[in-house]
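Visitor: pasting the sequence and the predicted model now:
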Amino acid sequence: MPPFVLPLPLARARAVTAVPEGRGWSLEPKWDGWRCQLHTATRRVWSRRGTDLSRAFSDVADAAAELPDAVLDGELVAVLDDGSGVAFDRLQSRAGRRGPRRDADFTVHAAFFDVLAVGATDWRPRPYAERRAELLRLLDAGPATLRPVPATEDAGQALAWVGALAGVEGLVGKRTLAPYAAGLASGWVKWRERHTTEAVVLGVTGTTPTTQALVLGRPRLGGMRAVGVSLPLAGPLRQALAPLLRVAGEEMREVPAAACGLPGTDTVRFWPVEAEVVVEIEADQPGVEPGRHGRRPLVRRVRGDLSPDLLDEGE
């Protein structure tokens, strides 16, 4: 059994605009999936927030029985059966279920990138390079759906993975001599090819379905501040959001247009919703700060694996 209480707070990566290069850095592909931790001996799977996913991802939990007793940190990825790649939204279909559906068109894989414990030994104080070697040993000859992510100290090779490997949306850099630490104390960094980040839905604006857009917010001083208004939502995305949003009042509200990067207008009127749904957005500049976007951001998808309390202020 592990030498600590599970689930553990996991390491997080700080967003950067350039791929780290030089001696002492190891680079891994950043897959488009749900973060998880796995205890192989008890076949338990948890999300980044500590939600028990063992029943929803019982196929991953059952496959873990073939591995030695260990606690692993990794990513759940939905691999499409037709070989066309991965689909982040398929993971949401597992919520509240007891494993895979018979008619599903995907298989869930777990891509692991760190080991936190082996048996009763805490591996977190050990250097990343040692943890990496142990991870490879643990997963050697293991199930095909539970595999280690590739890693390299060659930035050129790492960049070649982006776009070449299905589902890779960027890179994560780790110091080879650093121990494992929770949160941003890990020293990990993440680089994405496009400028994407997360925001909280604060409201809906627009007078017709084709003009509906989201008022977006970020945590600030214990509250939430508006940082942008999205482009109009595509039909499938409107349908995905509709059952998730809860109205937060019977009257429309206003936010200064300048705070949302919309020059030329005084205010933006919107119907408020409870600040509990996180979406991923893509903008023409990194970061989410009032007025910094040259154009309104595009909402890419719902992040059902995240909640507002997981977003850093000013990230």
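Guide: Noted; the coordinates are in hand. Numbers count the residues shown, from 1 in each chain.

Visitor: hey, let's count contacts and neighbours off CA atoms from now on
Guide: OK.

Visitor: output the lowest mean pLDDT helix or strand found in this structure.
Guide: Sorted by mean pLDDT, DSSP states H and E, the helices and strands of the chain end with helix 88-92, the least confident at a mean of 82.

Visitor: next structured bit after it?
Guide: strand 106-118 (DSSP states H and E).

Visitor: Provide the secondary structure category for Arg137.
Guide: Using DSSP: H, G, I helix; E, B strand; the rest coil, the structure places Arg137 in helix.

Visitor: and the gap between it and Leu233?
Guide: Remark: distance between Arg137 and Leu233 (C-alpha to C-alpha, to the nearest Å) = 46 Å.

Visitor: which one's more surrounded, the two?
Guide: Each of Arg137 and Leu233 has its neighbours counted (other C-alpha atoms under 10 Å); Leu233 has more, 19 against 13.

Visitor: I'd say that one and Thr208 touch.
Guide: No - contact criterion C-alpha atoms under 8 Å: Leu233 and Thr208 do not qualify, at 11.0 Å.

Visitor: quick test: name the residue nearest the centre of the protein.
Guide: Closest to where the C-alpha atoms of the chain average out (C-alpha atoms, centre = their mean) is Trp34, at 5.7 Å.

Visitor: from Phe88, how far off is that one?
Guide: Trp34 is 8 Å from Phe88, by C-alpha to C-alpha.

Visitor: find residues that contact each of the two.
Guide: Common contact partners of Trp34 and Phe88 (C-alpha atoms under 8 Å, 6 or more residues apart in numbering): Val77.

Visitor: on that earlier part again, quick check: buried residues in the least confident helix or strand of the chain?
Guide: If you call a residue buried by 16 or more other C-alpha atoms under 10 Å, then helix 88-92 has these buried ones: Phe88, Asp89, Arg90, Leu91.

Visitor: any idea what Gly228 is bridged to?
Guide: Beta-bridge pairing for Gly228 (DSSP bridges): Leu216.

Visitor: all strands of the stretch 51-200 of the chain, in order?
Guide: For the stretch 51-200 of the chain, strands defined by DSSP state E, counting those that start in this stretch occupy the ranges 70-80, 106-118, 121-122, 146-148, 168-175, 183-192, 196-205.

Visitor: closest to Pro100 out of those strands?
Guide: Among the strands of the stretch 51-200 of the chain, strand 106-118 comes nearest to Pro100, with 8.1 Å by C-alpha to C-alpha.
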